[in-house]
Every structure is written in C-alpha cells, then in structure tokens.
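Fold the following and give me the result.
(one chain, ligands or ions: 1)
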Amino acid sequence: MTADTSLLPPPATRWVLPALVRYSFSVAPGAATLTTVLAVLAGAAPVGITIGIGGLVDGLTPAIGQGLDTPAARECYRWVALVVALFFLAHVTESARTALGRDLGRRVTGRLSERVMTAASEPATIGHLEDPAYLGRLARARGNGTIDMPPGEAVFGFSAKASLWVTGVGSAALLTQVTWGLGLIVFAVFAVLHVRLVRNYRTAVIETVNQTEKLRRTSYLRDVPTTPGAAREVRLFGLTSFFRDAYHAEWRVNMAEVWQRRHEHRLFVVVVVVVTGVTVASVLYYLAYRAATGGTTVGDLALGGLALRALLQVLRADEDDLRTGFGSKAAAEAFAFPVAESPDGPDTAPWAAPVAAVACEDLRFRYGSAADEVLRGIDLDIPAGQSLAVVGLNGAGKTTLARLLAGLDAPSGGCVRVGGTPVEGADRRSWQRQVVAVFQDFGRYELTVRDNIAFGSLAHADDEEGLRAVARQAGLLEFIEGLPKGWDTVMSGGYAGGVDASGGEWQRIAIARALFGLRHGARLLIMDEPAASLDARAEAQLYDTFHELTAGATTVAISHRFATVRKAERVVVLDQGRIVEDGAHDDLMAAGGRYAELFRLQAKRFEEASS
Ligand SMILES: Nc1ncnc2c1ncn2[C@@H]1O[C@H](COP(=O)(O)OP(=O)(O)OP(=O)(O)O)[C@@H](O)[C@H]1O
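Below is the predicted model of the structure:
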C-alpha cells in the first residue's frame, strides 16, 4: 500500500460548475447547445405567459359586457392565443430540455468515467489501488455516496436551475417595470436568500460525500449477506443479525453529523419563509393600493402577482440543487484525475532477446506507511530459463517478492533488473508485458471463457489453435467444449446462459491464460500456489508436464507443497523477508537446514496419513 494519493492534486473547490459546463460543450457540442437553447426558451416562456395574462386582464376591463365581436374582445382573443401558445411552448421545451439534459448528463458521466478509469490504470504499479484515501477519491469521482450522483447529474440539474433563473430574472424585470424600486429590492432580497439557501442545502446534504470512506465500510457491511461467496458462511454461522446490526450502528454514527447539518438547514428555511412571506405581502399590498388609487392597472397587479410567484419558484431549493451539488463534487474529483493515454500500448521492451536474467539487488519493500519492511534486502540472480521455487512460512514475503519481480510495485530500496536494465520508469510497463502470472487471487472475469484465456495475450486473441492448445495443456478442453455455448460461454451464473466454474476449473483457466501468454512471447512465469484448488491428478499432470509447457521461460513458483517444489531446478527459502537458504533440492536436504526440516515434516505427515 504505497501512499499514492500524491498522484492526484486536491479537487478544485471553486468554479467547478463553469468547468463542467465547458466540458459538456466539448463532449457533445450539439446536445449542449440545444439544451442551453431549450433551457432559455423553457425559462422565458413563463415570463411571456405572465405578460400575456397581465395584458389579458387589462384588455378585459374595457371588453366586459361589450359583446364578442368588438375591437376590445378581439384584443382579448389575441392575448389568449399568445398565452395558449406560450403554455404549449413552455411544456414542449421543458419536456425536451429534461430529455436532452438527462442524455447530455449521461454522456458527460460516461466520458469522465473513462477518464478516471484510464488515469487510475495509468500507473504501472498497483500500490495506489490499495490506498484507502485513493480508493475514497475514486468512489467520490464516480459519485458514490449515500445516493449515486455522478458528475453528469450536475449538468442535468444545472440546466433545470438555469431555466428557472431565466424565469426569475425575467419576472424580476417585469416587476421592475411595474414598480422599479420595489422590483429591484425584491430581486436583491430573493437573490441573496436563494444563494444562501442553496449553499446551506447543498452543504447539509453534501456532507455525506465527505463520509465516503466511512460509507464504503457501511456499504460493505450491508452487502456481505448478499454477496455470493459470503452468503454461505452468513447462513452457516447465523451472521445476518450481526451484519444488520453492525450496518445500522455504523450508519447512524456516520449520519449523525449530516442530521445535525440538516437540522440547522431547517431553521434557516423558517427564516426564509418569514422573510419571503413579508416581502410578498408588502409588494402585493402596495400594488393593490396603487391599482385602487389609480396609480397602476389591474393588469399590472396580476402581472406583479404572477412575477412574484415565479420568483418564489426560483427560491425553492430542490432535487435539482441536490443533483447540481452532488454532481459538482463528483466532477471536481473526476477533474483531478489527469487525462491519461491508454497505458496498454504496444510492447516496446528494451530487454535482451530472447530471454534475460532477472536479478534482485538488495531489494527492500514496505507497504504504504507500515513501519516494518516485508522484504529486507533480497539478493537473487535468476538466470534466464531457470525454474525457481520459493518457499517459506505464511507471511514470509513470497507473494510480495512475486509482485516486485513482476514490476507491480516499486521497491522501497534496491532494485529489480532484467538483463541488467532496472525495471523502473517507462520500462516497467514493457517488462510487465513480458510477465505472466497465476496469483493466489487471480482474475475471475465475468466474460466468455475465450476472453478469460485470451487475456494472456490479447493481441493474439484470434489464435484459435493456440487457445485450444493451452486449454488442453491446462486440462480444460473437455470442460469448455461441454459448456452451453462452448468458448463463448460467459463464466458467471449471474448472466443468462452463463456458467459458474468450480475453484479448480477457475484455476485451470488462470493457468491456461498464463500459458497462452507464454506461447506468445512472455518470458517470466510466476505461479503463486497455482495448484491450490487442483485435484491430485490435475496437480501431478501440471507438474509432470511443467518443463515442457514452460520450455525456454524463466519460472518462479511459490508453493507450500514440497512434492512439487522439489521438481524445481533451484529452491530459495524466505524467512521474514530474507533469503535464508538457496540451492537445489538435494543440496538443501543434505544441508539439513530449514528446508530439510519443513520437507521432512510434510513428508512425515503424508507417511502417517497413508500408514
Ligand atoms: N497489500 C498489502 N498491504 C499491506 N500489507 C500487506 C499486503 N500484502 C501483504 N502484506 C503483509 O506483508 C507480509 C508478507 O505478505 P506476503 O503475502 O508477501 O506473504 P507470503 O509469504 O506470500 O504469505 P502466504 O504464504 O501466507 O501467502 C504479511 O505480513 C502481510 O501482512
């Protein structure tokens, strides 16, 4: 766990929304322009309706009781026609803005997700993906909080608010026309209240975003009982109540601060209601007074009332503010992820062909900010083509060594060299292309079995013969041919037509994937307990044919099974991050050290079991 949050600058706290709007225009210029036009039209139409109704009310005064076919009546018809047309326009443009704004938001989310995914995959090492702070920022950039609000939600929410603001500003202008001084005052009061209200509202809710790390834990507790792997133990050990109670308790603790904020927000809402109530009452009273005393018309009174109503609507803090707030937070995080080129470029390996020696020089490693080193000065030369076994007790550092040999972590000290060249910088990625591995927690991709194996060398995915050959070598061919859709069967029962494989079948798939990589030029094969789930026959078969399967490649096998370890040309024994023994099986047995002790212990157990 390398502290790799330094890979990301802190998220911006200001001007995120303008940046997001600019981004929308660069992602989908057409849709963004159309959404803007629709938002303006949808916002302007209600202003027109207010004018129309004001005009209609004024037109009605001379028309009342004068018959249907008079100039005054015809004037009224025109106002009615205008109002009806504007109602229609308001409805159509608002519906279209909603649909288009949603779509634009989804496109922005999609593009930013790709950016985040590429940036997070860009470092050749994997320490940042084990760093809780980095994982928290990844989750926030995706908009994962108590509710999922990815960046695109802000685009959609903002288009709705922009529309309301057009209505608000237009209505304020109308009010100013009727009574300019009061209009300006009302607008200023409402604008200040609105900005404060929305800020408070967002803060109240967005607090949850800052809880992402805790919420990840809460979500974990919630999901355990429904996760297929854990569901079995949850039933056998009767753990449902434990997880439910733990989830509930954590959730309450995490939400306490948020609830406090919401309470403060509610108090502010009461202030807003009182201030707006007094303002609206004063304005209406003033307009009514002026209409009654002949200072203005009844139409102006109606217009003023409607304009006030529209202004009040802007003042409402609602779902769209929530979207804008949450989405902007997510966008700020997403923008902090640098724009990166896809790291899966062509192989530009500088390593000596056809194979090269791999060497560790005083190799040291510690995870993240841990006090102790897991590897404490490993010196190890692995000649090209050698088969090496690494043994040692649990926690000795075997898997960590494998990760460093594969170039997946940067050493804390010393280095790994291949053919004399250090595995670092830009060369790290190209070395990784030369390595295939079957780790203990190898990938189980919910994709077709073909993809699962071809991932060993994706550039050669069309090598049907090669795929069949490695499937046969891994003892999988019959299994694959018996699948409902053969090679195109999805390896997960969670999909229609998909199939769940057993632990051993999955392990064979991982082995076949590594063999496919070897077949297409990989030079180092790392296997960390590759036979842990294999039955005895499959394991024997794997190791009997191992040399033939891996001919020419350098192999590093980690195993606790000494019967398989002894087949390696060379064995190193790791103890607390140091190599304590190194030699061929026979030499180590003759030396009578740690290896010999462990080997005899295991052999004795087998003898006891079989006698
Ligand atoms: N991702 C990680 N973050 C922090 N510490 C880790 C991580 N992975 C392993 N460690 C620690 O490093 C030490 C060595 O772990 P490693 O997995 O290399 O041992 P190992 O020899 O492969 O053990 P085993 O035989 O049990 O697989 C352990 O003490 C473990 O707690």
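
and the residue nearest the centre of the chain, how far is that from Ala331?
Most central in the chain under C-alpha atoms, centre = their mean is Arg142, positioned 4.4 Å from the mean C-alpha point. Plainly put, Arg142 is 11 Å away from Ala331 if you go by C-beta to C-beta, to the nearest Å. Placement of C-beta: from N, CA and C, glycine included.

What of Pro338?
Distance, Pro338 to Ala331, by C-beta to C-beta: 15 Å.

so where's the protein uncertain?
1-6, 145-147, 202, 204-213, 317, 342-355, 606-611 (pLDDT under 70).

The stretch 301-450 of the chain against the ligand: which residues are in contact?
Within the stretch 301-450 of the chain, the positions lying close to the ligand (C-beta under 6 Å from any ligand atom) are Tyr367, Val374, Gly392, Asn394, Gly395, Ala396, Gly397, Lys398, Thr399, Thr400.

try 5 Å
Selection of the stretch 301-450 of the chain residues close to the ligand by C-beta under 5 Å from any ligand atom yields Tyr367, Val374, Asn394, Gly395, Ala396, Gly397, Lys398, Thr399, Thr400.

Got a ChimeraX select line for the buried ones in those?
In ChimeraX, this line selects whichever of those come out buried by 16 or more other C-beta atoms under 10 Å:
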select :367,374,396,397,398,399,400
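
Please produce a markdown table containing the residues of the stretch 301-450 of the chain next to the ligand, extended by distance to Leu476.
Output for those, formatted as a markdown table (distance: C-beta to C-beta, whole Å):
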| residue | distance to Leu476 |
| --- | --- |
| Tyr367 | 35 |
| Val374 | 34 |
| Asn394 | 30 |
| Gly395 | 32 |
| Ala396 | 32 |
| Gly397 | 32 |
| Lys398 | 26 |
| Thr399 | 25 |
| Thr400 | 30 |
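
Could you point out the longest helix of this protein?
helix 240-292 (DSSP state H).

Moving C-terminal from it, which element do we reach first?
helix 298-315 (DSSP states H and E).

What residues of stretch 500-513 count as buried?
So, applying 16+ other C-beta under 10 Å, buried residues of stretch 500-513: Ala501, Gly504, Glu505, Trp506, Gln507, Arg508, Ile509, Ala510, Ile511, Ala512, Arg513.

Just to be sure, Leu41 is in a helix?
Yes. Counting by DSSP: H, G, I helix; E, B strand; the rest coil, Leu41 is found in a helix.

you'd agree it is up against Thr93?
Yes. Leu41 is within contact range of Thr93, at 4.3 Å (criterion: C-beta atoms under 8 Å).

Sketch out the strands for this structure, chain order is fine.
358-365, 375-382, 387-392, 413-418, 421-422, 435-438, 524-528, 554-558, 570-575, 578-583 (DSSP state E).

Nearest to Ala63, out of the ones you listed?
Taking C-beta to C-beta, strand 435-438 is the member of the strands of the chain nearest to Ala63, at 87.0 Å.

returning to that earlier point: I figured the residue nearest to the centre of the chain was touching Met117, is that so?
No. The pair Arg142 / Met117 is not scored as a contact, 9.4 Å apart, by C-beta under 8 Å.

Burial check on Ala474, number of neighbours?
Close neighbours of Ala474, defined as other C-beta atoms under 10 Å, add up to 26.

OK, contacts around it?
Neighbouring residues of Ala474 by C-beta atoms under 8 Å, 6 or more residues apart in numbering: Arg508, Ile509, Ile511, Ala512, Leu515, Leu542.

Out of these, flag the one nearest to the ligand.
Minimum distance to the ligand across those is 18.1 Å, recorded for Ile511 (C-beta to the nearest ligand atom).

Please tell me how far the closest residue to that closest one other than its chain neighbours sits from the ligand.
Nearest residue to Ile511, sequence neighbours excluded (C-beta to C-beta, 6 or more residues apart in numbering): Ala474, at 4.5 Å. According to C-beta to the nearest ligand atom, to the nearest Å, Ala474 stands 22 Å off from the ligand.

can you give me phi and psi for the residue of the chain positioned farthest from its centre?
Relative to the centre of the chain, the most outlying C-alpha is that of Gln66, 68.9 Å out, by C-alpha atoms, centre = their mean. For Gln66, the backbone dihedrals (degrees, to the nearest 10) come out as phi -100, psi 0.

number of nearby residues for the closest residue to it other than its chain neighbours?
Once flanking residues are discounted, Gln66 sits nearest to Ala72: 5.7 Å by C-beta to C-beta, 6+ apart. Using other C-beta under 10 Å, the number of residues around Ala72 comes to 14.

does Ala72 really touch Leu56, like I thought?
No. Counting by C-beta under 8 Å, Ala72 stays clear of Leu56, with 11.6 Å between them.

circling back: okay, the residue nearest to Gln66 and the ligand: tell me how far apart.
84 Å.

i'd like the first residue to be 7 from this point on
Got it, the first residue is 7 from now on, which makes the last one we talked about Ala78.

dump the residue contacts of that residue.
Gly65, Pro68, Ala69, Gln72 are the contacts of Ala78 under C-beta under 8 Å, 6+ apart.

at 10 Å what do you get?
By C-beta atoms under 10 Å, 6 or more residues apart in numbering, the residues touching Ala78 are Gly65, Leu66, Thr67, Pro68, Ala69, Ile70, Gln72.

correct me, but the fifth one touches Arg84?
To tie it back to what came earlier, the one meant is Ala69. No. Contact criterion C-beta atoms under 10 Å: Ala69 and Arg84 do not qualify, at 11.6 Å.

Compare these two and say which is more crowded by neighbours.
Taking other C-beta under 10 Å, Ala69 and Arg84 do not tie; Ala69 has more neighbours (19 against 13).

on that earlier part again, gap between the residue farthest from the centre of the chain and Gly60?
20 Å.

Please apply the same query to Gly331.
35 Å.

ok, now Glu452?
Distance, Glu452 to Gly60, by C-beta to C-beta: 62 Å.

Those two: who's more crowded?
Between Glu452 and Gly60, Gly60 has the larger neighbour count (other C-beta under 10 Å), namely 25 against 13.

Look up the closest residue to that one, ignoring the ones flanking it.
Counting by C-beta to C-beta, 6+ apart, the residue nearest Gly60 is Leu309, at 3.1 Å.

That neighbour contacts Gln183, doesn't it?
Yes. At 8.4 Å, Leu309 and Gln183 qualify as touching, with contact defined as C-beta under 10 Å.

So the two - more neighbours on which side?
Comparing Leu309 with Gln183 by other C-beta under 10 Å, the one with more neighbours is Leu309, at 26 against 15.

tell me the contacts of the more buried one?
56-61, 63-64, 177, 180-181, 183-184, 293, 302-303.

For Phe461, state which of the buried residues of stretch 506-519 is nearest.
Of those, the one sitting nearest to Phe461 (C-beta to C-beta) turns out to be Arg519, at 5.6 Å.

With Val505 as the reference, measure out to that closest one.
Distance from Arg519 to Val505, by C-beta to C-beta: 17 Å.

before we move on, what about Thr173?
56 Å.

again with Val240
On the measure of C-beta to C-beta, Val240 and Val505 end up 24 Å apart.

One more: Ala194?
The gap separating Ala194 from Val505 is 67 Å, by C-beta to C-beta.

which one of those two has more residues nearby?
Between Ala194 and Val505, counted using other C-beta under 10 Å, Val505 has the larger neighbour count: 17 against 11.

list the contacts for that one?
So Val505 contacts Val455, Phe485, Gly488, Leu489, Pro490, Lys491, Thr495, Val496, Met497, Ser498, Gly499, Glu511 (C-beta under 10 Å, 6+ apart).

Would you point out the most distant pair within these?
Gly488 and Ser498 (17.1 Å).

between these two, which one's more packed in?
Ser498 (15 against 10).

Close to the ligand: what parts of this structure are there?
Residues of the chain lying near the ligand (C-beta under 5 Å from any ligand atom): Met7, Glu136, Tyr373, Val380, Asn400, Gly401, Ala402, Gly403, Lys404, Thr405, Thr406.
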